[in-house]
Structures are given as C-alpha cells and as structure tokens.
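Participant: here's my sequence, what's the structure:
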Amino acid sequence: MIKYFTIILFLSFPINNGFVGKFSYAERSKLDWSDFRGRPEMNSTFDASVNTGITYQWSYGKDKGDIELNYQVDSFCYPSLSWVKRGQMSDHLLFHEQLHFDISELHARIMRKRLKEYKAGKNIRRDLNKMYKLVERMRINMQERYDEETDHSRNTANQAKWEKKIKTLLWYYRDYTK
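Facilitator: Next up is the predicted model:
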C-alpha cells in the first residue's frame, strides 16, 4: 500500500488581501519594464524594486518501507509588487533588478540540489522546513549584500563583479534548473 503526504508552501512574498499574479523564472527568465506594475514608493530612495521569491512543494510516498520524495521548487517574479518610478527606466537599472531575479533563481537551484541529496528519515517535515528556512535566509542575505555592495546599482564596478558572480553560480548549479 502506498501512502502519500503533500505539503505546499508559498512563501517569500507579501500578499495584500488578494491574488498576486506571478511568473516563474522557467516561464520567462528575463525581466522587462512592463513587469513593474506596482505603485512606486515615492518616499523610497530607490528608483525601482523587483519583488521575487521562491516557493516549494513536496510530497512523499511510502511503499514497503522505502520513502520516495517528490518536490517542485520555483522562483517567481511578482509584477504587481514590483515598481519603478516615472522617468527612471534605464537599461542599467533594469539589469540591476534582473540580478535580483537571478539571485532568487540561484537559491531555487540550491534548494533543488539539497532536496535531491536529502535522505528521507523520520522527521521529513521538520527537516525540509529547516532546509527551506536556511536557503531562504541565504537568499535574503545575498539580496541585501548585493544591494549594499552595488549601492543599489550606483557602484558600477561592484555591479560588474556581481554580474560575473551570479552568472558563474547559475552555471555551477545548471544541473538543478528543474
């Protein structure tokens, strides 16, 4: 007899009393200014903000004592929560925001790798929750470090370093795109 248990977690993004549209990195990995549909935060010192995150869901089946873990991890962009101030649309700024989306995809790949390597035990739910929280903390820390070191795109030398870094890491985790 096979038993299945399914958990779906949609985390990493705020919801404002309603549906938040999104598209995955797998569907469309390149951002366009038309993806920034939210109302600009005029008091912000930033000219744009992209809202991205990762989600995962998992289930497992048990047959004759063997546990088979099934999972899906995706990175998403949320256009209605992303914004740009009028008159600030530049290729340079869009590229900065693109790397934020790429960083979320990188962490989705890291999560996929960890799930693939995971040996299911007695505490699957606890183990996977702990794994997700660690990867999510890593993602948030990298997003913050990226903005600090590039001064939100203003430091072009560091922006170029980050571009190379993220491109290299995405290549390194290329086996975990899906």
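Participant: hey, let's count contacts and neighbours off CA atoms from now on
Facilitator: OK.
Participant: residues in contact with residue 166?
Facilitator: Residues counted as contacts of residue 166 (Cα atoms under 8 Å, 6 or more residues apart in numbering) are 99, 102, 103, 106.
Participant: of the residues you listed, closest to residue 160?
Facilitator: Using Cα to Cα, residue 99 comes nearest to residue 160 of the contacts of residue 166, at 10.8 Å.
Participant: mind checking which of the contacts of residue 166 are buried?
Facilitator: Neighbour counting by 16 or more other Cα atoms under 10 Å classes 99, 102, 103, 106 among these as buried.
Participant: how about CSV for the residues you listed, with secondary structure added?
Facilitator: Below are the buried ones among the contacts of residue 166 laid out as CSV (DSSP: H, G, I helix; E, B strand; the rest coil):
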residue, secondary structure
99, helix
102, helix
103, helix
106, helix
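Participant: and those, which is closest to residue 24?
Facilitator: Nearest to residue 24 out of those is residue 102 (Cα to Cα; 11.2 Å).
Participant: need the pLDDT of that closest one.
Facilitator: Listed pLDDT for residue 102 reads 98.
Participant: how about it, nearest residue that isn't a chain neighbour?
Facilitator: residue 166 (7.2 Å; Cα to Cα, 6 or more residues apart in numbering).
Participant: secondary structure element holding the residue positioned nearest the centre of the chain?
Facilitator: For the chain, the residue nearest the mean C-alpha position is residue 104 (2.7 Å; Cα atoms, centre = their mean). Using DSSP states H and E, residue 104 maps to helix 91-117.
Participant: okay, buried residues for whichever helix or strand comes after that helix please.
Facilitator: Next in sequence after helix 91-117, counting helices and strands by DSSP H and E, comes helix 124-150. For helix 124-150, a neighbour-count test (16+ other Cα under 10 Å) marks 128, 131-132, 135-136, 139-140, 142-143, 146-147, 149-150 as buried.
Participant: would you mind pulling up the elements that helix 124-150 packs against?
Facilitator: On a contact count with 3 or more Cα pairs under 8 Å, 6 or more residues apart in numbering; DSSP states H and E, helix 124-150 meets helix 91-117, helix 156-172.
Participant: right, I'll leave it there.
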